[in-house]
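In: pasting the structure only:
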């Protein structure tokens, strides 16, 4: 069965096993890792944080990005990889991860017009190869999607450490969901030791650059007082932002936060 975290592009889905044991009173909040995405990275490098106070005193350095290179292509073979454009490779990878229709184009020697469309069977190994090609060509979204493949074990062996490196590469390349996904690994100690300070920083960075999931996950930390002083009002604001941006997870968390009984004095 395909894990819900990778069901589709542009939708929110819960990461199995992400809720912490022993927090039964908080278990209705929904933690999220990410979803396949074709979104473009942010381009405004001058964008300032809307929550500078959150970032104060928190380390800003990333771990050294390890070169992924073409190892996956060599390991799994490069047959069937007809794309040469990074964004197109990522798009085709998303199609293979979901199983969808893809335009069939004429050969380069012809006019280049589309000839029609063909069904693309769901093929996670092929999707991973395409994401690797996209990442190698500099597409941050491709690095993020390959990280999702390694974190879920879809098409490649499950490897949280490699997923972390790829999410870090995507985040450094300006892809907000990569920052969110890297933060999730820090929060849950997958591939790296638990570090709520770095999770907080990365969720804030993701949220400030347009990730609805980043806003929702940051709101959960404020709602639960994990890595930061509890602030129910800030949590509601973050869940509202996430919900307004179209995140069903953010809407669910907003409903839970608004109907939760206040803590006993």
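Out: Ah, there it is. Keep in mind the model is a prediction, meaning the values are calculated, not measured.

In: so what's residue 142 up against?
Out: By C-beta atoms under 8 Å, 6 or more residues apart in numbering, the contact list for residue 142 reads 86, 89-90, 93, 130-135. Any C-beta I mention is one placed from the backbone N, CA and C, and that applies to glycine too.

In: for residue 230, see how far away it is.
Out: Separation of residue 142 from residue 230 (C-beta to C-beta, to the nearest Å): 38 Å.

In: repeat for residue 84
Out: Distance of residue 84 to residue 230, given as C-beta to C-beta: 51 Å.

In: out of the two, which sits in the busier spot?
Out: residue 230 (13 against 9; other C-beta atoms under 10 Å).

In: residues touching the more buried one, list them.
Out: Taking C-beta under 8 Å, 6+ apart, we find residue 230 in contact with 222-224.

In: change it to 7 Å
Out: Shown in contact with residue 230 (C-beta atoms under 7 Å, 6 or more residues apart in numbering): residue 222.

In: how about the host helix or strand of residue 243: buried residues?
Out: Take DSSP states H and E as the rule and residue 243 turns out to sit in helix 232-244. Buried residues in helix 232-244, defined by neighbour count with 16 or more other C-beta atoms under 10 Å: 232, 234-243.

In: all strands for the protein, in order.
Out: Secondary structure of the chain, counting by DSSP state E: strands at 100-105, 114-120.

In: quick revisit: mind listing residues that contact the helix holding residue 243?
Out: Against helix 232-244 from outside (C-beta under 7 Å, 6+ apart): 207, 212, 215-216, 218-219, 222-223, 250-251, 253-254, 257-258.

In: and for stretch 216-228?
Out: Residues outside stretch 216-228 that contact it (C-beta under 7 Å, 6+ apart): 26, 29, 31-32, 180, 183-184, 196-197, 199-200, 203-204, 207, 230-232, 234-235, 238-239, 242, 247, 249-250, 253, 257.

In: which of those are buried?
Out: Those of the contacts of stretch 216-228 that meet the buried threshold are 26, 29, 31-32, 180, 183-184, 199-200, 203-204, 207, 232, 234-235, 238-239, 242, 247, 249-250, 253, 257, by 16+ other C-beta under 10 Å.
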